[in-house]
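Enquirer: Output the structure for:
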Amino acid sequence: MLRKALDHWRDLITGRHVAPAPALMPEVRADAYQSSPWFDHGWRLLAAGNRAGIEALLASAAAESRDAAERACLNAGWLLMCGDARAAEAQADVALKTCPDFSRLHLQRARALRMRGARRAALAAFQRATTLTPADAQAWAEQGDEHLAARELEEARDCYELALAHASDCVTARAGLARLLREAGAAEAALVHIQHALSISPQDPALHFESALIHSRCDDAAGSIAAYERALELKPDYAAACINVGLMYLAHRGNPQRAQLYFERAIELNPHSVAARANRGLALEEQGRADAALDYYEQLIAAFPSEDEYRWNRGMALLAGGDYARGWDDYEKRNARAGTVPRAFPYPEWGGGQLRTGGALLIYAEQGLGDEIMFASCVPDLLARGMHCVMECDTRVAALFARSFPSARVHGAARDGDRNWLAAYPEIEAQIAIASLPRLLRRSAADFRPHCGYLQADPLQVAQWQRRLAGDGAAVSAGITWRGGTAKTRRDLRSLTVSDLAPILRTPGVTFVNLQRDAGEALLEISACGARLLNYADALDDLSETAALLKALDAVVTVDNTVAHLAGALGCNTLILLPLSADWRWRRAGDSSPWYPAARLFRQQKPGLWTDVAGAVAQTLQAPDTP
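Expert: Now for the predicted structure:
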């Protein structure tokens with residue numbers, strides 16, 4: 001604790017504004033201490049570990065203070081710096097009995113309550129401080145932090161704005177407002193506030209950490225990495241920054257070697273970090289060291305059997321290697337490891353047995369749209385057994401599922417909607433998440449039955465698209481997408497630029513059809529490449545219409561995204577471009593997919609290099625047996 005206090009004092013003396021570690025209070029203001037001579041000498045005593053000398057110095061400083069309340073405030077501040085929240089609270093409580101209107105004592109008391117987790121009491125103390133001193137920007141800002149921690153967003157924003165109205169350079173308010181805006185999805189606005197805060201306190205690692213989070217939300221991986229690394233320059237023991245920048249290198253730069261170094265540094269700093277240990281395994285996997293990763297997961301599971309994160313990671317590694325019997329069992333940890341609660345329906349979990357005569361199984365939606373489409377490949381197996389199924393699904397695929405599984409009863413619904421619709425299906429007697437079906441039905445590679453498409457587009461719509469394509473001069477047509485995923489699901493690694501696509505776009509005799517939503521200026525760049533491109537924006541707003549267009553095309557060229565799943569599920573001639581570190585569902589090697597027999601996989605050989613992949617796809621489009 002002396003070391004932490006020393007660091008804080010040195011920062012204050014050199015003009016740095018550093019937020020102490022979470023174990024201490026979020027911020028200790030210099031102005032509470034700089035009025036006395038003891039401030040100039042205290043850090044030397046801390047460096048020497050001379051606690052007696054510090055206490056003597058504190059007593060001397062307190063004697064110079066104007067009154068008992070000021071002395072109590074100094075004492076409480078010192079105790080907070082030493083991490084003794086209860087003693088600090090006691091100091092403030094005693095002094096407030098005789099000085100109930102001393103706002104800084106209420107502020108110190110609020111900080112002490114916050115440090116020991118008494119958040120509602122802390123908030124009341126902050127409110128008392130701001131009532132007594134309405135112009136205290138720091139008190140308003142810290143009150144805003146408490147509201148934000150309680151997810152009282154409107155109240156938090158009001159406090160931050162009041163703080164800035166009194167002092168536009170209040171770093172705590174700028175940082176708090178930046179975080180609030182980031183979490184609300186207003187990343188660009190958040191960036192303005194964090195940059196303002198950094199212009200005032202450029203040496204604060206916590207501000208650089210928040211800046212990194214905001215840059216990431218702005219899809220600026222380079223800016224995020226730079227901010228994390230600056231935070232680590234300022235605070236080399238910043239374990240959270242090590243973990244996050246390691247993930248950036250892993251998910252956005254395709255550099256698992258460097259990511260591993262950061263994860264191992266985080267483990268050294270915090271040997272109990274579940275995230276750092278689990279992510280180290282991911283880095284091993286993405287270096288092609290699957291056996292080493294699996295061995296590492298086994299060691300972690302043996303040492304920490306209650307940590308679901310390690311089983312989840314092992315499950316992904318097993319599934320990527322085709323070990324379905326064990327992989328699906330670990331896959332069931334997907335909710336536990338994320339701390340999420342499975343969707344609630346009033347039925348027992350189905351374990352794979354027979355239902356009573358007339359009984360029905362509820363299959364409910366889970367995860368993303370592509371996952372829903374992929375896992376729906378298990379539904380025909382259930383229907384072939386004669387099981388009665390009620391499918392709850394994303395509204396976007398409801399019409400397509402109803403057409404494809406006519407003997408099932410399909411209900412499109414919002415995930416967070418009410419459950420009143422269940423009254424229309426009194427025959428339901430058991431439930432299962434759609435993502436849990438493979439655990440019961442896909443225990444080996446042999447359980448993946450060949451198909452020519454388990455989803456069925458409307459034949460009338462398909463015929464209309466065929467006529468429309470012919471009328472637009474598309475003798476040979478290929479749909480194309482180039483962007484997949486989100487910032488959280490490795491979009492940078494899964495996506496191509498128009499320049500990367502050029503070898504494909506120059507394929508002679510092929511008319512390309514845009515299947516990329518929100519393509520924007522990329523359409524102009526594609527046309528500038530000399531490609532013949534058709535853009536049917538109306539087809540991309542309705543999944544049933546998109547499905548019909550896909551079936552009318554001669555080929556679909558796509559990255560790992562919803563289109564890849566939809567085209568594969570329809571049995572289309574699908575060419576899928578995959579990064580070196582592909583998602584588990586595509587396995588680690590091979591050019592075929594057990595999920596989509598009509599799809600062909602084209603894999604990177606080096607991270608970030610799409611030249612060979614695009615060339616191979618272009619050659620396939622020109623091959624005699626390919627339209």
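
Enquirer: shaky segments in the stretch 251-400 of the chain?
Expert: Along the stretch 251-400 of the chain, the parts satisfying pLDDT under 70 run over 338-339.

Enquirer: in it, which spans are strands?
Expert: 360-364, 388-393 (DSSP state E, counting those that start in this stretch).

Enquirer: quick one, which of those is nearest to F602?
Expert: F602 lies closest to strand 388-393 among the strands of the stretch 251-400 of the chain, at 30.1 Å (C-beta to C-beta). Every residue, glycine included, has its C-beta placed from N, CA and C.

Enquirer: For the closest one, which helices and strands make contact with it?
Expert: strand 360-364, helix 379-384, strand 409-412 (3 or more C-beta pairs under 8 Å, 6 or more residues apart in numbering; DSSP states H and E).

Enquirer: can we see that at 10 Å?
Expert: strand 360-364, helix 369-375, helix 379-384, helix 398-404, strand 409-412, strand 428-433 (3 or more C-beta pairs under 10 Å, 6 or more residues apart in numbering; DSSP states H and E).

Enquirer: Serialize the strands of the stretch 251-400 of the chain to a markdown table and add fields for distance to R409 and mean neighbour count.
Expert: Below are the strands of the stretch 251-400 of the chain laid out as a markdown table (distance: least, C-beta to C-beta, whole Å; neighbours: other C-beta atoms under 10 Å):
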| stretch | distance to R409 | mean neighbour count |
| --- | --- | --- |
| strand 360-364 | 8 | 23 |
| strand 388-393 | 5 | 22 |
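
Enquirer: JSON lines please, covering those and showing distance to D472.
Expert: What follows is the strands of the stretch 251-400 of the chain, written out as JSON lines (distance: least, C-beta to C-beta, whole Å):
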{"stretch": "strand 360-364", "distance to D472": "39"}
{"stretch": "strand 388-393", "distance to D472": "33"}
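
Enquirer: List the buried residues of stretch 160-169.
Expert: By neighbour count on 16 or more other C-beta atoms under 10 Å, the buried set for stretch 160-169 is Y160, L162, A163, L164, H166, A167.

Enquirer: hey, C-alpha coordinates of it in CSV?
Expert: Extracted C-alpha coordinates of stretch 160-169, given in CSV (Å, rounded to 0.1, in the frame of the first residue of the first chain):
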residue,chain,number,x,y,z
TYR,A,160,-21.2,15.1,-15.7
GLU,A,161,-22.7,18.0,-17.6
LEU,A,162,-23.1,20.0,-14.4
ALA,A,163,-19.5,19.3,-13.5
LEU,A,164,-18.4,20.5,-16.9
ALA,A,165,-20.6,23.6,-16.6
HIS,A,166,-18.6,24.6,-13.5
ALA,A,167,-15.2,23.4,-14.8
SER,A,168,-14.8,22.5,-18.5
ASP,A,169,-11.4,21.0,-17.6
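
Enquirer: in the stretch 101-250 of the chain, which segments are predicted with low confidence?
Expert: Counting by pLDDT under 70, the stretch 101-250 of the chain has no low-confidence residues at all.

Enquirer: can you put the helices and strands packed on strand 388-393 in CSV and add distance to A278?
Expert: As requested, the helices and strands packed on strand 388-393 are exported to CSV (distance: least, C-beta to C-beta, whole Å):
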stretch, distance to A278
strand 360-364, 28
helix 369-375, 21
helix 379-384, 32
helix 398-404, 35
strand 409-412, 35
strand 428-433, 23
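
Enquirer: List just the one of those that sits closest to Y454.
Expert: Closest to Y454 of these is helix 379-384 (C-beta to C-beta; 5.4 Å).

Enquirer: buried sites along the closest one?
Expert: For helix 379-384, by 16+ other C-beta under 10 Å, it's V379, P380, D381, L382.

Enquirer: which among the buried residues of stretch 160-169 gets closest to R111?
Expert: Using C-beta to C-beta, A163 is the member of the buried residues of stretch 160-169 that sits closest to R111, with 15.7 Å.

Enquirer: if I pick the closest one, what's in contact with it?
Expert: 130, 135-144, 170, 172-174, 176-177 (C-beta atoms under 10 Å, 6 or more residues apart in numbering).

Enquirer: taking these one by one, which sit in strands?
Expert: Counting by DSSP state E, no part of the contacts of A163 is found in strands.

Enquirer: Please spell out the ChimeraX selection for the buried subset of the residues you listed.
Expert: To isolate the buried subset of the contacts of A163 in ChimeraX, counting by 16+ other C-beta under 10 Å, use the following:
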select :130,136,137,138,139,140,141,142,143,144,170,172,173,174,176,177
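
Enquirer: From the contacts of A163, which land in helices?
Expert: Mapping the contacts of A163 onto helices (DSSP state H) picks out 130, 137-144, 172-174, 176-177.

Enquirer: For the residue nearest the centre of the chain, give me its contacts.
Expert: Among the residues of the chain, the one closest to the centroid is K488, at 4.5 Å (C-alpha atoms, centre = their mean). Shown in contact with K488 (C-beta under 10 Å, 6+ apart): S216, R217, L247, A251.

Enquirer: same thing with E233?
Expert: Contacts for E233 (C-beta under 10 Å, 6+ apart) come out as Q203, P205, H208, A241.

Enquirer: Neighbour-wise, give me the winner out of those residues.
Expert: A241 (28 neighbours; other C-beta atoms under 10 Å).

Enquirer: Now the terminal residues of stretch 242-260, how far apart.
Expert: End-to-end distance of stretch 242-260 (C-alpha to C-alpha, to the nearest Å): 10 Å.
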